[in-house]
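J.: I would like the atomic coordinates for the input below:
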Amino acid sequence: MTTHTMFSTLQLQILLLSFISATVAAVAILIFRIIYPTILSFPWSMPPENSKLRKREKEMTVVFAGSFNPPHWGHLVMIRYLAERYGRVICCIGVNPNKQYDVTPRTRAQILREMLSGSDDDKNRCKNVQVEVVSGYIWSYARTQNVSLFFRGIRTWAADGPEERHLQILNTW
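T.: Numbers count the residues shown, from 1 in each chain. This next block holds a predicted model:
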């Protein structure tokens, strides 16, 4: 074997070890996110007005996903908070073909848009919010929109927790 061949083999081994280390680190981060999700409890806090975090968040696009069946004031409170904190909010109305809905997805979207519209001085008016009906995986749509964070609302952990945990695992991977 020549020195050149040994050097190339050594480089390959180092590259392989680096790849394995990076993969293990990435998997560890994903597992950590699943075991310890970020949960915001009401009342929600807001970063200081002129902080670096607040400025960075104002540049972010976030998704608030749900069935919104039908949209209600609890949804509106969450959307107003997200609209104040982040630069762009996309409310994704998911369509699950295995569920029966009282209101069609298009009607739910229209109701939500009407709730978010209003006069310029209306506190419910959210100019940086868009409403979309998404069939298929919302995380896939979110990726096309360069979304930074994914929000879901739950009533209680006992009522919605197990199903939300399942969705969190699907959306993390």
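
J.: Can you show me the helices along the chain?
T.: Applying DSSP state H to the chain gives helices spanning 3-35, 52-57, 73-85, 105-116, 138-144, 157-172.

J.: weakest of these by average pLDDT?
T.: Set side by side, these give their lowest mean pLDDT on helix 157-172, at a mean of 68.

J.: Who does the residue positioned nearest the centre of the chain form a beta bridge with?
T.: Closest residue to the average C-alpha location of the chain: residue 150 at 0.8 Å, with Cα atoms, centre = their mean. Residue 150 forms beta bridges with residue 63, as assigned by DSSP bridges.

J.: swap in residue 132?
T.: residue 92.

J.: Just to check, it is in contact with residue 92?
T.: Yes. Judged on Cβ atoms under 8 Å, residue 132 makes contact with residue 92 at a distance of 5.5 Å. The C-beta positions use only the backbone N, C-alpha and C, and glycine is treated the same way.

J.: Between those two, which has more neighbouring residues?
T.: In this view residue 132 and residue 92 are compared by other Cβ atoms under 10 Å, and residue 92 has more residues nearby, 24 against 15.
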